[in-house]
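Enquirer: missing the sequence, but the structure's below:
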């Protein structure tokens, strides 16, 4: 039986511009709680205030779960003048009648001036729900790695546990950005553990570790969808549309980003295995059901072109995308950036609305999208989404569509980078209240105090004098 996973919380320390920030999910899935049952969250704040940091932090963790190592760009995520960054995430994991709480933590650094980041420490802990006591047990550490404390083997460990530790320690010493817990060697060794009942205490923990690692890897691969802005730079430059598809066909599922070349036919179009075409076309059908209501009368088509064969003889296919309005087909490349953006994320949104174990994170969800339309989409999501959705945005209209406890605002505070607005009444318009907080600085915590109009005006004049223009 596949595990059911939901995120409980995300914490960051010294990550990009964030000193110490935490996002708590409602996780209504926890034991049937129905109050505020929608796990939809928006993160708001000015440019450079830390909104994208939460998306980047989760991308780092997802990369570790899927591939077993820190991405090279993680070195650039360490806050200026700090030696290291840390990310900690808690997950609910439900299999059959068992409910677990998992805590994953990683700290990484580039203090030795390597181009690639190094993992300083990493751990995975678990709590188990005790039905008789109606509470979780104490934390149990499944495995903990600290680079400064690589040690010899414990004499009480079994022969297998000794072999496990020796091989993993050797691997992470030679490859310092490699995860102790999620690297391929760990997974391979853990699969060798024999029956639970015949194992030592250490091996029983390793079996529990294998269970947790396998389920988090599966979750990251198929259920944790992260849409950042990196790929969207290719839309205006290369006419490459990243289609974030999540659909399970009869034979094959499609999960992840698929590059669709919007330019006219050519030999350089990205190719995909032809076996995935039925699932991709089914995804397009799903998208069209919603797209035609969001942008009235608009649907899209993917026409297979340029069939070819890969090095191993596998049949490959490319697609040429078209926009269809009132029966008229035009190449999708001629549609606006905003329409392409909406099309690219619709499949992921459909999955998050209908699947309670999808977690969808979208950076700058409002980019290129009409303000009123965005508000209507957010309103629908806030009423119907079964999965977890977190988005960042600048457009304030959605503030009028969801509860204030589902909105986080970035701050300049060292100990609390994400907060809810305080003293919000049921009759308050959250957008107006946020504006007043910004303009009048009424709150003693100073949610945002990074800019003043007078200082901006003076800066423009000062810059102009450098060129002798004023």
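Expert: Arrived safely. Predicted model only: the values in this text are computed from it and were never measured. Numbers count the residues shown, from 1 in each chain.
Enquirer: Where does the prediction get shaky in the stretch 351-470 of the chain?
Expert: Within the stretch 351-470 of the chain, the ranges that satisfy pLDDT under 70 run 439-451, 467-470.
Enquirer: Could you list the domains of this protein?
Expert: 4-223, 233-353 (automatic domain parsing).
Enquirer: how many other residues sit next to residue 281?
Expert: 16 (other Cβ atoms under 10 Å). Glycine gets a C-beta too; all of them are placed from N, C-alpha and C.
Enquirer: roughly how far apart are it and residue 303?
Expert: 10 Å (Cβ to Cβ, to the nearest Å).
Enquirer: re the thing from before, would you list the domains of the chain in a markdown table and tack on distance to residue 407?
Expert: Formatted as a markdown table, those follow (distance: least, Cβ to Cβ, whole Å):
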| stretch | distance to residue 407 |
| --- | --- |
| domain 4-223 | 5 |
| domain 233-353 | 18 |
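Enquirer: Determine which of those approaches residue 413 most closely.
Expert: For residue 413, the closest of those is domain 4-223, at 7.9 Å, according to Cβ to Cβ.
Enquirer: mean confidence score for that closest one?
Expert: For domain 4-223, mean pLDDT is 82.
Enquirer: From the chain's centroid, how far away is that domain?
Expert: 14 Å (Cα atoms, centre = their mean, to the nearest Å).
Enquirer: Also stretch 387-401?
Expert: That offset, for stretch 387-401, works out to 15 Å (Cα atoms, centre = their mean).
Enquirer: Ok, stretch 373-383 next?
Expert: 20 Å.
Enquirer: List of residues touching that stretch?
Expert: Residues from elsewhere that reach stretch 373-383 (Cβ atoms under 8 Å, 6 or more residues apart in numbering): 38, 40, 42, 294, 349, 352-353, 365-366, 369, 389, 393, 395, 397-398, 400-403, 406.
Enquirer: quick one: contacts for residue 370?
Expert: Counting by Cβ under 8 Å, 6+ apart, residue 370 has contacts residue 338.
Enquirer: Could you check how far it is from residue 128?
Expert: Taking Cβ to Cβ, one finds residue 370 at 48 Å from residue 128.
Enquirer: cool, residue 138 as well?
Expert: From residue 138 over to residue 128 (counting by Cβ to Cβ), the distance is 10 Å.
Enquirer: so where do the helices sit in the protein?
Expert: 51-67, 159-174, 184-190, 201-222, 234-238, 277-294, 337-354, 371-384, 430-440, 453-466 (DSSP state H).
Enquirer: need the ones you listed in TSV with distance to residue 74, can you?
Expert: Shown next, in TSV, are the helices of the chain (distance: least, Cβ to Cβ, whole Å):
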stretch	distance to residue 74
helix 51-67	5
helix 159-174	16
helix 184-190	19
helix 201-222	16
helix 234-238	22
helix 277-294	31
helix 337-354	24
helix 371-384	30
helix 430-440	32
helix 453-466	33
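Enquirer: wait, which of those helices is closest to residue 80?
Expert: Smallest distance to residue 80 across the helices of the chain (Cβ to Cβ): 13.1 Å, for helix 51-67.
Enquirer: Could you work out the end-to-end span of stretch 166-181 for me?
Expert: Its start and end residues considered, stretch 166-181 measures 14 Å (Cα to Cα, to the nearest Å).
Enquirer: still on that earlier bit, of residue 138 and residue 128, give the one with the bigger neighbour count.
Expert: With neighbours defined as other Cβ under 10 Å, residue 138 and residue 128 compare such that residue 128 has more, 14 against 7.
Enquirer: for that one, what are its contacts?
Expert: Residues near residue 128 by Cβ under 8 Å, 6+ apart: 98-101, 136-137, 140.
Enquirer: nearest to residue 359, of these?
Expert: Set against residue 359, the nearest of those by Cβ to Cβ is residue 101 (16.0 Å).
Enquirer: quick one on the thing from earlier: and the helices of the chain: which comes nearest residue 414?
Expert: Of the helices of the chain, nearest to residue 414 by Cβ to Cβ is helix 51-67, at 14.6 Å.
Enquirer: how many neighbours does the residue nearest to residue 350 when sequence neighbours are not counted have?
Expert: Nearest non-adjacent residue to residue 350, counting by Cβ to Cβ, 6 or more residues apart in numbering: residue 286, 5.6 Å away. When neighbours are counted by other Cβ under 10 Å, residue 286 registers 18.
Enquirer: What's the separation between residue 286 and residue 93?
Expert: Using Cβ to Cβ, residue 286 is found at 28 Å from residue 93.
Enquirer: cool, and residue 135?
Expert: As judged by Cβ to Cβ, residue 135 and residue 93 stand 17 Å apart.
Enquirer: Looking only at neighbour counts, state which of the two leads.
Expert: residue 93 (19 against 9).
Enquirer: The more buried one reaches residue 124, doesn't it?
Expert: No: if you go by Cβ atoms under 8 Å, residue 93 and residue 124 don't touch, sitting 11.5 Å apart.
Enquirer: list the residues that contact both of these two?
Expert: Contacts common to residue 93 and residue 124, judged by Cβ under 8 Å, 6+ apart, are 102, 212.
Enquirer: Look up the closest residue to residue 67, ignoring the ones flanking it.
Expert: residue 182 (8.0 Å).
Enquirer: I meant residue 303, not that one.
Expert: residue 320 (4.8 Å).
Enquirer: Run a quick neighbour tally on that neighbour.
Expert: When counting by other Cβ under 10 Å, one arrives at 21 neighbours for residue 320.
Enquirer: Please report the distance of it from residue 300.
Expert: 11 Å.
Enquirer: ditto for residue 364
Expert: The gap separating residue 364 from residue 300 is 22 Å, by Cβ to Cβ.
Enquirer: Of those two, which one has the most company?
Expert: Comparing residue 364 with residue 300 by other Cβ under 10 Å, the one with more neighbours is residue 300, at 23 against 20.
Enquirer: which residues touch the more buried one?
Expert: By Cβ under 8 Å, 6+ apart, the neighbours of residue 300 are 284, 287-288, 291, 321-324, 332, 343.
Enquirer: just curious, which of those is nearest to residue 119?
Expert: Closest to residue 119, out of all of the contacts of residue 300 and judged by Cβ to Cβ, is residue 343, at 37.8 Å.
Enquirer: For that closest one, give me its contacts.
Expert: 241, 243, 287, 291, 300, 332.
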